[in-house]
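Q: Structure, please.
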Amino acid sequence: MGAKTELLATAAAGALKIEPTVVVAGIMLAAVAAAATWLLNRPSRTFTEAGIGGTVGNEYDAWTEEGILEYYWGEHIHLGYYNETDLKAITNPMKSGKVFKDTKYKFIEEMYKWSDAERNSGGAPKSILDVGCGIGGTSRYLGNKLKDQGTQVTGISLSPKQVERATQLAKERELDNVNFKVMDALKMDFPDNSFDLVWGCESGEHMPDKAKYVEEMTRVLKPGGTLVIATWCQRELEKGQDEFTADEKKKLQFLYDEWAHPYFISIEEYERLCGKTGQLTAISGANWVKETIAAWRHSIWVGVWDPWMVIWKGFTSRMGPRVWWKTIREIVTLERMHRAFDCGLMTYGMIKAKKLA
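A: Numbers count the residues shown, from 1 in each chain. As a prediction, the model looks like this:
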């Protein structure tokens with residue numbers, strides 16, 4: 001202990017009548033807490049490179065190999081759709097984990113219904129493209145749901161590890177109408193007019209060119225087909241407002257840089273991008289924050305009731321105890337996401353359109 005620190009500790013102890021060692025311990029604990037807070041406020045996964053082998057693909061490779069995300073979130077790495085019964089189960093240790101995964105199936109059903117895909121196609125779409133498919137949960141769900149109607153589903157991802165895992169799970173389920181490819185959504189290999197339904201669920205967040213994202217999905221969509229997008233958005237600036245406040249910019253920048261997002265746009269901007277293609281009609285958007293916001297904190301509760309996967313990975317994975325620090329970072333980010341959606345800085349964007357015949 002340095003002379004100055006010892007003098008301060010002794011003085012404080014004398015004033016409060018407590019042991020100097022207790023004061024020093026308190027000072028050291030406060031210093032550790034301050035250092036941890038500083039580190040948690042420094043984003044660790046800034047978007048730096050687009051395409052296969054870039055930041056996004058590499059991060060999803062790592063998450064897939066790690067297995068923690070799949071263990072807690074299941075096959076569907078997207079938010080869920082909640083009703084009142086689901087909300088009551090969040091803090092129930094006996095039901096929470098199952099309900100968390102079940103809400104994601106509900107989301108797919110609600111998104112499919114909302115898209116108007118069957119009305120636009122005059123029945124079940126025969127060909128579906130899942131853009132940014134993750135480990136293929138949605139692709140397999142839609143493939144199984146529409147299998148008897150002759151539907152073929154293709155999922156694409158930047159992550160080779162995700163495609164490998166998605167393919168493995170499809171084989172285990174004996175789904176021969178579902179396939180997966182490693183592909184950049186901004187430079188797809190498919191011919192024009194290939195799919196009856198193009199589906200993008202929580203992939204637009206990672207796209208460094210949102211206009212190209214919409215244009216490419218429109219290009220591969222068949223005339224009369226349906227485009228539907230679910231994505232995290234930032235709110236539209238108010239009339240006469242040129243930019244976000246300094247505090248809002250700081251909050252958004254953290255969310256960009258912690259989970260490899262280049263930037264977000266508003267629901268209204270997605271609608272405008274759809275209109276600018278000159279090929280889409282019946283364009284509309286909706287904000288599903290009310291239906292999805294519970295997922296952020298629910299994902300934290302799932303880990304509280306069942307922490308053993310994280311504890312085990314800390315002893316057995318290549319990362320070792322760094323897994324525990326990474327998990328703490330994820331919890332902090334999940335909470336900050338919740339707050340951003342709760343205060344209206346972020347919105348949950350749903351956008352749908354039909355390609356002109």
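Q: Which parts of this structure are strands?
A: Along the chain, counting by DSSP state E, strands occupy 127-131, 152-157, 178-182, 195-201, 221-234, 280-287, 346-355.
Q: Dump these into a markdown table; add distance to residue 145 and mean neighbour count as well.
A: Backbone N, C-alpha and C define where each C-beta goes, glycine included. What follows is the strands of the chain, written out as a markdown table (distance: least, CB to CB, whole Å; neighbours: other CB atoms under 10 Å):
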| stretch | distance to residue 145 | mean neighbour count |
| --- | --- | --- |
| strand 127-131 | 10 | 25 |
| strand 152-157 | 10 | 26 |
| strand 178-182 | 11 | 20 |
| strand 195-201 | 12 | 26 |
| strand 221-234 | 15 | 23 |
| strand 280-287 | 22 | 16 |
| strand 346-355 | 19 | 24 |
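Q: Tell me who's in contact with residue 175.
A: 140, 143-144, 147 (CB atoms under 8 Å, 6 or more residues apart in numbering).
Q: which of the residues you listed lies closest to residue 339?
A: The closest of those to residue 339 turns out to be residue 140 (CB to CB; 32.9 Å).
Q: Isn't that closest one up against residue 105?
A: No. The criterion here is CB atoms under 8 Å, and residue 140 misses it with residue 105 at 11.2 Å.
Q: Of those two, give the one with the bigger neighbour count.
A: In terms of neighbours (other CB atoms under 10 Å), residue 140 is the more surrounded of residue 140 and residue 105; the figures are 25 against 18.
Q: Could you report the pLDDT at the more buried one?
A: Looking at residue 140, its pLDDT is 98.
Q: From residue 81, how far off is it?
A: Separation of residue 140 from residue 81 (CB to CB, to the nearest Å): 18 Å.
Q: What segments of the stretch 151-300 of the chain are helices?
A: Using DSSP state H, counting those that start in this stretch, the helices assigned to the stretch 151-300 of the chain run over residues 160-172, 210-219, 246-258, 267-276, 289-292, 294-305.
Q: got it, and the stretch 1-150 of the chain?
A: Using DSSP H, counting those that start in this stretch, helices in the stretch 1-150 of the chain cover 3-16, 20-40, 55-66, 68-73, 84-89, 96-115, 117-121, 137-145.
Q: The last one versus strand 152-157: what angle between them?
A: For helix 137-145 against strand 152-157, the angle by axes from the mean of the first three to the mean of the last three CA atoms, to 10 degrees is 170 degrees.
Q: Residue 333 contacts residue 260, correct?
A: No. Using CB under 8 Å, residue 333 makes no contact with residue 260, being 11.6 Å away.
Q: Those two: which is more packed in?
A: Set residue 333 next to residue 260 and count neighbours by other CB under 10 Å: residue 260 wins out with 22 against 19.
Q: So for that one, what's the pLDDT?
A: Reported pLDDT for residue 260: 86.
Q: try residue 284
A: 98.
Q: so what's it closest to, chain neighbours aside?
A: Once flanking residues are discounted, residue 284 sits nearest to residue 352: 5.9 Å by CB to CB, 6 or more residues apart in numbering.
Q: Any idea what that neighbour is bridged to?
A: With DSSP bridges applied, residue 352 shows beta-bridge pairing to residue 228, residue 284.
Q: just checking, it touches residue 115?
A: Yes. With contacts counted by CB under 8 Å, residue 352 reaches residue 115, the gap being 5.3 Å.
Q: quick one: common contacting residues for those two?
A: Going by CB under 8 Å, 6+ apart, residues that sit against residue 352 and also against residue 115 are 226, 228.
Q: Which one, of the helices of the stretch 151-300 of the chain, ends up nearest to residue 185?
A: Across the helices of the stretch 151-300 of the chain, closest to residue 185 is helix 210-219 (CB to CB), at 6.2 Å.
Q: which parts of the closest one are buried?
A: Buried residues in helix 210-219, defined by neighbour count with 16 or more other CB atoms under 10 Å: 210-211, 213-219.
Q: Take these and lay them out in a markdown table including distance to residue 329.
A: As requested, those are arranged in a markdown table below (distance: CB to CB, whole Å):
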| residue | distance to residue 329 |
| --- | --- |
| 210 | 27 |
| 211 | 32 |
| 213 | 27 |
| 214 | 32 |
| 215 | 35 |
| 216 | 32 |
| 217 | 32 |
| 218 | 36 |
| 219 | 38 |
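Q: and which of these is nearest to residue 122?
A: For these, the nearest to residue 122 is residue 218 (20.2 Å; CB to CB).
Q: Quick check: chain neighbours aside, which residue is closest to that closest one?
A: Closest to residue 218 by CB to CB, 6+ apart is residue 277, at 4.8 Å.
Q: Test for you: state the pLDDT assigned to that neighbour.
A: pLDDT, residue 277: 98.
Q: for residue 23, same thing?
A: So, for residue 23, pLDDT stands at 50.
Q: Repeat that for the one 5 residues further on.
A: Residue 28 is assigned a pLDDT of 52 by the prediction.
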